[in-house]
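S.K.: Sequence and computational prediction follow.
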Amino acid sequence: MGNGDIRVRGIAARAGGWSARHRWAAVGIWVLFVVLAMGLGSAAGRVDVKDSDQMGGETHTAATIVEDAGIDEPASETVLIQAKDGSLKATDAEFRAAVTAVVTAVEGSGKVTGVTTPYEAGTISKDGRSALVQFDMRGEADTAGERVEPVLKAVEGVQKEHESLRIEEIGGASMMKTFDDAFGDDFKKAEYSAVPVALGILLVAFGALVAALVPVALAITAIMATMGLMGLVSHFQPMSETANSVMLLVGLAVGVDYCLFYLRREREERAAGRDAQTALRIAAATSGRAIVVSGVTVCVAMAGMLFTGIAEFEAMGLASLMVVAVAMVGSVTVLPALLSLLGERVEKGRLPFLRRRRKNGASEGSRFWTAVLRRVLAKPLLAAAVATGALLAVAAPAIGMKTENLTLDQEFGDSLPIVQTYNRVNEAFPGGSDPAEVVVKADDINAPAVRAALADFRERAVSSGASRGPVDVTMHDEQNVALVYVPLVGGSDQDKAGESLDKLRDDVRPATLGKVDGVEAPITGQVAGSKDFNDQLVGSVLPVFVFVVVFAFLLMLLSFRSLTIALTSIVLNLLSVGAAYGILVAVFQHGWGASLVGAEGVGAIITWLPLFLFVILFGLSMDYHVFVVSRIREARLRGRTTRDAIQHGVVTTAGVVTSAAVIMVAVFAIFGTLSMQSMKQMGVGLAAAVLIDATIIRGVLLPAVMALLGERNWYLPKWLHRLPDLTHDETPEAIVPATRDDEGERVGV
């Protein structure tokens, strides 16, 4: 193929051309941007999401009242004292001696305050064989886990002296320390291992060290710049640690993918005989433009999280949006400059055991897809029917999806001793480990009417069957706030505890505290938080769904000027997301094949995951779709028939799509190895969806559907011809005249 003039237009093409002509300026501007972003972000500091902003409904109202009142709730701890064989009761001398020893030991640590015995607080189980010693940690609750070790050792010492009893500690501080010790390094290991994994796959894909390092370097610098920008933006939209992890995942995935798309096309054009300058111009006009379309689509999808009204989601959405935008800009600006500077040196550091690419630039991996495409295009209707049926079958379990905030035993199983303690406390004192908390605010908390209502609430909470008691009240006279702790019947059973919560909110509260003018009494706690979060999330599903789908449709319509392409893009992406949902429900809710991924069937999907997956997957799946369809359209524009264009587009992109998908699957699968079930769910869901998307969707269903549609793929109604033309131009050679459909309308390609 000759080096004919390339007619280019569009942002990506112009940016690539400028970058290639002003190489050192482009690299310098990028480095300056990254350094400035990091420096300004560090200087500005970062504002994190407050607890009160992470919640919705009554939970948010309760947290706001506590924050505004300046009440610092300490980290509460509980020591369970229980007869191992059931022979001892709390009234026995040996049992009492153990209680006294626990009180003496924890007070002697100097780290606790407000110690209460079960005989004072009435925290003795119905059968009399279990009792609770309760106390608070001194200092701030957020850092209590760092100070709890002496208390834990003191309790362990008492256990050794009373072998006939089970003496175990549990609470916010002890759980914090246990989880930090057991899983604190999990996330860091996962994040640190993601980069070497991506680099290793790129080494295999390119066969050269320099070529593999370029995408990783750009992805890392994009992440670094975004970290700085997050600090600046956090003063308007607070950020979070979760947003950090999500940003790193998304940034590494799209950053490497975008560079991979660009670099592969440039290498392919050079292998086909183009000179360096022409190869870069073609890559800028084609892959560069696909990167811009994909990046904007991903940004739109991420922006959908801003419609949830949940601060944590808004932080994740904004952080992901920023890193995608930065990676996109870097890929179409500084990458051409780097490739122009490196020239043939991009092949340096070749691995001797990997074969050099073929002279025509074809991908070695395309042989497999050539064979698959031959069969798909021979019988497209059968291929489309089988692939669609398989995806719908995989997606079917999602119909019965159940979402909830996972309890401690669901999240960690029985892998930790503290989980077993949690279960024993809940068995002996249902709801005692996670009580509902009623935050009562009044003009005068000590007014006779308020005091009477509080007493009535305590009595009715038990008589209604919502709680078995004891119901504790902590007064904050100066702030005119009372905190009422109500153990819920149902304990760790979320459904039964939810019924108890409804009784408190709908029956007990209106009949007591609700009758006093000027009294606010929102009910919070783990069960309430899960319910309120679920309700708010359910309410935001429709606006998020509509926003993402409509804007993705419009972007595809403008980018390809085809109504058919836009519609099929949306349908195929929804099939991919549905299949991911089905796998999640089958593995984690029903436990089918859970052991294969080191997971457990926990009976539910973590509340935030379905919406999170929808937004992330809908955005990321557009990477492959835009890249493949752009190549098909390009081949069609150059004169191939639609069927030949499909074959050419899918086969020539197979290598880069496969490499990109392997990187994403590997990175996401790392998070599937973490011990927390919620992280396993996220990792497995993302990895499964990307794998399905890059194989069944792009390799089978997309070509089959496009083959069935034929020239109708490029259909654009006359009344839409006035839409802005965001398509790109390729080489002018061999362009066939536009055809006309049965109605005499021009079919654009």
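M.R.: Yep, it's here.
S.K.: what's around T370, how many residues?
M.R.: 15 (other C-beta atoms under 10 Å). Heads up, the C-betas are built off the backbone N, CA and C, glycines and all.
S.K.: Ignore what I typed, I meant R14.
M.R.: Burial of R14 is recorded as 15 neighbouring residues (other C-beta under 10 Å).
S.K.: Secondary structure element for it, which one?
M.R.: helix 11-21 (DSSP states H and E).
S.K.: okay but T474 is in contact with V481, surely?
M.R.: No - with contact defined as C-beta atoms under 8 Å, T474 does not count as touching V481 (9.1 Å).
S.K.: Show me what the helix holding R14 is packed against.
M.R.: Packing partners of helix 11-21 (3 or more C-beta pairs under 8 Å, 6 or more residues apart in numbering; DSSP states H and E): helix 276-283, helix 289-303, helix 311-342.
S.K.: could these go into JSON lines alongside mean neighbour count?
M.R.: Listed next are those as JSON lines, based on neighbours: other C-beta atoms under 10 Å:
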{"stretch": "helix 276-283", "mean neighbour count": "22"}
{"stretch": "helix 289-303", "mean neighbour count": "26"}
{"stretch": "helix 311-342", "mean neighbour count": "24"}
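S.K.: Among these, single out whichever gets nearest to L232.
M.R.: Set against L232 and scored by C-beta to C-beta, those come closest in helix 311-342, at 10.1 Å.
S.K.: The closest one - contacts with which helices or strands?
M.R.: Using 3+ C-beta pairs under 8 Å, 6+ apart: helix 311-342 touches helix 11-21, helix 23-44, helix 209-233, helix 241-271, helix 276-283, helix 289-303, helix 609-637.
S.K.: again, only using 10 Å
M.R.: helix 11-21, helix 23-44, helix 209-233, helix 241-271, helix 276-283, helix 289-303, helix 526-560, helix 609-637 (3 or more C-beta pairs under 10 Å, 6 or more residues apart in numbering; DSSP states H and E).
S.K.: Mind putting the ones you listed into a markdown table with distance to G317 and mean pLDDT?
M.R.: A markdown table is the format used below for the helices and strands packed on helix 311-342 (distance: least, C-beta to C-beta, whole Å; pLDDT from 0 to 100):
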| stretch | distance to G317 | mean pLDDT |
| --- | --- | --- |
| helix 11-21 | 24 | 82 |
| helix 23-44 | 19 | 92 |
| helix 209-233 | 12 | 91 |
| helix 241-271 | 9 | 83 |
| helix 276-283 | 31 | 83 |
| helix 289-303 | 5 | 85 |
| helix 526-560 | 10 | 85 |
| helix 609-637 | 7 | 85 |
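S.K.: For R345, find the nearest of the ones you listed.
M.R.: Nearest of the helices and strands packed on helix 311-342 (C-beta to C-beta): helix 209-233, 6.4 Å.
S.K.: could you say what helices and strands the closest one packs with?
M.R.: Under the contact criterion of 3+ C-beta pairs under 10 Å, 6+ apart, helix 209-233 touches helix 23-44, helix 172-206, helix 241-271, helix 311-342, helix 642-671.
S.K.: Can you lay out those helices as CSV showing distance to T286?
M.R.: Converted to CSV, those look like this (distance: least, C-beta to C-beta, whole Å):
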stretch, distance to T286
helix 23-44, 20
helix 172-206, 19
helix 241-271, 6
helix 311-342, 12
helix 642-671, 11
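S.K.: so which of those gets nearest Y624?
M.R.: Nearest to Y624, of all the helices and strands packed on helix 209-233, is helix 642-671, at 5.3 Å by C-beta to C-beta.
S.K.: how many degrees apart are the following helix or strand past the closest one and helix 642-671 in direction?
M.R.: Next along the chain after helix 642-671, taking DSSP H and E as the criterion, comes helix 677-692. Between helix 677-692 and helix 642-671, the angle comes out at 160 degrees (axes from the mean of the first three to the mean of the last three C-alpha atoms, to 10 degrees).
S.K.: now helix 677-692: mean pLDDT?
M.R.: Averaging pLDDT along helix 677-692 gives 87.
S.K.: and after that helix, which helix or strand comes next?
M.R.: Next along from helix 677-692, by DSSP H and E: helix 702-709.
S.K.: show me where pLDDT drops low in the stretch 451-600 of the chain?
M.R.: Scanning the stretch 451-600 of the chain for pLDDT under 70 picks out 491-493.
S.K.: Can you show me the helices along it?
M.R.: Taking DSSP state H, counting those that start in this stretch as the test, the helices found in the stretch 451-600 of the chain are 494-503, 509-511, 526-560, 563-584.
S.K.: Pick the most deeply packed of those helices.
M.R.: helix 563-584 (a mean of 22; mean count of other C-beta atoms under 10 Å).
S.K.: Which strands and helices lie in contact with that helix?
M.R.: Here helix 563-584 touches helix 289-303, helix 380-395, helix 526-560, strand 605-606, helix 609-637, helix 677-692, helix 702-709, going by 3+ C-beta pairs under 10 Å, 6+ apart.
S.K.: Make a markdown table from the ones you listed and add distance to G349 to it.
M.R.: Converted to a markdown table, the helices and strands packed on helix 563-584 look like this (distance: least, C-beta to C-beta, whole Å):
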| stretch | distance to G349 |
| --- | --- |
| helix 289-303 | 25 |
| helix 380-395 | 40 |
| helix 526-560 | 36 |
| strand 605-606 | 43 |
| helix 609-637 | 26 |
| helix 677-692 | 28 |
| helix 702-709 | 35 |
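S.K.: how about the ones you listed, which one is nearest G108?
M.R.: Where the helices and strands packed on helix 563-584 are weighed against each other on C-beta to C-beta, the nearest is helix 526-560, at 31.3 Å.
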